[in-house]
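Chemist: heads up, no residue letters with this:
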């Protein structure tokens, strides 16, 4: 008996996607930020400012630190977890002991070089539903302006 198989050439994107799925199945869900990885960021440009959005599932605003140092913007977090020995102490029995622990709490650090058009004194941050949003206002002198042309 003969069979017909559909030939689909393997693209790089498909190969990377398949590899990511394989790694997730081996190491577990990647919905949390794994060690050594950085959270994804979206950056948009508007007329008067830039907007950055960073996904931080499982983090609170008190866990995240945003710093500006010269022309560099740094976003970092370090969440401490109790060690196995601490969870087995008698005073922690009221909280129960772990039978299984799959959720990871990790740290990250990410830095961005700010464009010269950003005013470092005019950066604001907000945090809602696991999304860190930064608004980076542009300096007034770099905003676009329309120049009228006179007829002679």
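Modeler: Arrived safely, thanks for sending. Computed from a prediction, not measured in an experiment: that's the story for all the values here.
Chemist: does residue 128 have beta-bridge partners, and which?
Modeler: residue 131 (DSSP bridges).
Chemist: what do you get for residue 137?
Modeler: Counting by DSSP bridges, the residues bridging with residue 137 are residue 49.
Chemist: now it: how far from residue 114?
Modeler: 11 Å (C-beta to C-beta, to the nearest Å). All C-beta spots, glycine's among them, are computed from the backbone N, C-alpha and C.
Chemist: cool, and residue 152?
Modeler: From residue 152 to residue 114 the distance is 42 Å (C-beta to C-beta).
Chemist: What is the subsequent helix or strand relative to the helix or strand of the chain with the lowest mean pLDDT?
Modeler: Least confident helix or strand, the chain: helix 84-87 with a mean of 49, by mean pLDDT, DSSP states H and E. For helix 84-87, the following helix or strand on the C-terminal side (DSSP states H and E) is strand 108-113.
Chemist: what lines up beside that next one in the sheet?
Modeler: strand 72-77 (antiparallel).
Chemist: neighbouring contacts of the strand it pairs with?
Modeler: Identification of contacts with strand 72-77 by C-beta atoms under 8 Å, 6 or more residues apart in numbering yields 54, 56, 59, 63-68, 107-114, 123, 132, 134, 136.
Chemist: Show the buried residues in those.
Modeler: 54, 56, 59, 63-64, 66, 108, 112, 114, 123, 132, 134, 136 (16 or more other C-beta atoms under 10 Å).
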